[in-house]
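# coords below, sequence missing:
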């Protein structure tokens, strides 16, 4: 039992604790040599503090646990915040140091002065994921020097929790966005809709969005005039990647994946349905935040080295008119 406790909650002497133990040994030796009752009393008090320190520090660690939740989405190369909810059992946690250990990243620690008994307290950790894929919390290390700072008692709890880290997303230049918008809106059907090409002007009606108002024309006519847009024949923007380039190295491939994620984010910001056709996966054009996260998760976990031989899913004929080749856009972006 004692060996198990020493393995699960190892004890490390602090500098002050080392001095304290040596001093106690000296007092004990003096008491034995002199037979002075006062020295025996002092030795008993010193040893009592050691026992109390061990009991209280061990009680601060018994029943401690943590729950981890990311605040928002995680992106490669961007600082992320985690909320850690530390809970305790029958005895409160006092002066506890919580150290989170992540796979491939430096450990991050925080000092918690108080965790109420049968309660919890919240704290935040910040770290920066280096790569897309899974961010893994391997373990949490809890330690305390409560109450006298004589010893540091610690306990490590395995966690093995994972979260998806999305690829790095950049904001594409305005001129590239304008060209993208022109290419995506090149197919119209000469009827009112939600496209980007003006179809007609009409007087403002109650309920019309202010972004549809043509302010220049309204100023000339001294009344609000609204632009009706032309519906586009394509059902959205579909970006096609026929195959992962075999000539690209790891860094170039990661840059391409980041560019594809940036394209998806750009299409989402423009308020148009968007989709992606890649080797082994097809996301039909749809405008929603859920669609954006679905594609981001696919790009976060994709392994191009294993999918180089896979072909892109066959597309319905109606999608070809509004589709754009990802590699062509990538080369145009690299030249810009």
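Received the coordinates, thanks. Keep in mind the model is a prediction, meaning the values are calculated, not measured.

# hang on, residue 276 packs against residue 283?
Yes: using C-beta atoms under 8 Å, residue 276 is in contact with residue 283, at 4.7 Å. In short, each C-beta sits where N, CA and C put it, glycine included.

# so what sits against both of the two?
Residues touching both residue 276 and residue 283 by C-beta atoms under 8 Å, 6 or more residues apart in numbering: 295, 298.

# okay, now the closest residue to residue 120 other than its chain neighbours: neighbour count?
Setting aside the residues directly before and after it, residue 120 is nearest to residue 87 in space (C-beta to C-beta, 6 or more residues apart in numbering), at 4.1 Å. Neighbours of residue 87 under the rule other C-beta atoms under 10 Å: 16.

# Now do the buried residues in the longest strand along the chain.
Using DSSP state E to define each element, the chain has its longest strand at strand 151-166. Of the residues in strand 151-166, 151-156, 159, 163-166 count as buried by neighbour count, 16 or more other C-beta atoms under 10 Å.

# Could you single out the nearest of these to residue 133?
Distance ranking of the buried residues of strand 151-166 against residue 133, using C-beta to C-beta, places residue 165 first at 5.9 Å.

# Any idea how far apart the tips of stretch 126-142 sit?
Start-to-end span of stretch 126-142 (C-alpha to C-alpha, to the nearest Å) is 18 Å.

# quick check, distance from that stretch to the centre of its chain.
Relative to its parent chain, stretch 126-142 has a centroid offset of 9 Å by C-alpha atoms, centre = their mean, to the nearest Å.

# what is the mean pLDDT for it?
For stretch 126-142, mean pLDDT rounds to 96.

# Also stretch 64-75?
Here the average pLDDT along stretch 64-75 is 96.

# Counting by contacts, list what the longest strand of the chain packs against.
Helices and strands touching strand 151-166, by 3 or more C-beta pairs under 8 Å, 6 or more residues apart in numbering; DSSP states H and E, are strand 11-13, helix 37-61, strand 65-71, strand 74-75, strand 133-144, helix 289-301.

# Tell me the buried residues in the second one?
Buried residues in helix 37-61, defined by neighbour count with 16+ other C-beta under 10 Å: 39-40, 42-43, 46, 50, 53, 56-61.

# In JSON lines, list those residues along with distance to residue 132.
Below are the buried residues of helix 37-61 laid out as JSON lines (distance: C-beta to C-beta, whole Å):
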{"residue": "39", "distance to residue 132": "66"}
{"residue": "40", "distance to residue 132": "66"}
{"residue": "42", "distance to residue 132": "62"}
{"residue": "43", "distance to residue 132": "61"}
{"residue": "46", "distance to residue 132": "56"}
{"residue": "50", "distance to residue 132": "51"}
{"residue": "53", "distance to residue 132": "47"}
{"residue": "56", "distance to residue 132": "45"}
{"residue": "57", "distance to residue 132": "41"}
{"residue": "58", "distance to residue 132": "42"}
{"residue": "59", "distance to residue 132": "43"}
{"residue": "60", "distance to residue 132": "39"}
{"residue": "61", "distance to residue 132": "36"}
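
# Out of those residues, which comes closest to residue 16?
residue 53 (11.1 Å).

# about what we covered before: the more surrounded of residue 276 and residue 283?
residue 276 (26 against 19).

# would the more buried one count as being in a helix?
No: secondary structure of residue 276 (DSSP: H, G, I helix; E, B strand; the rest coil): strand, not part of a helix.
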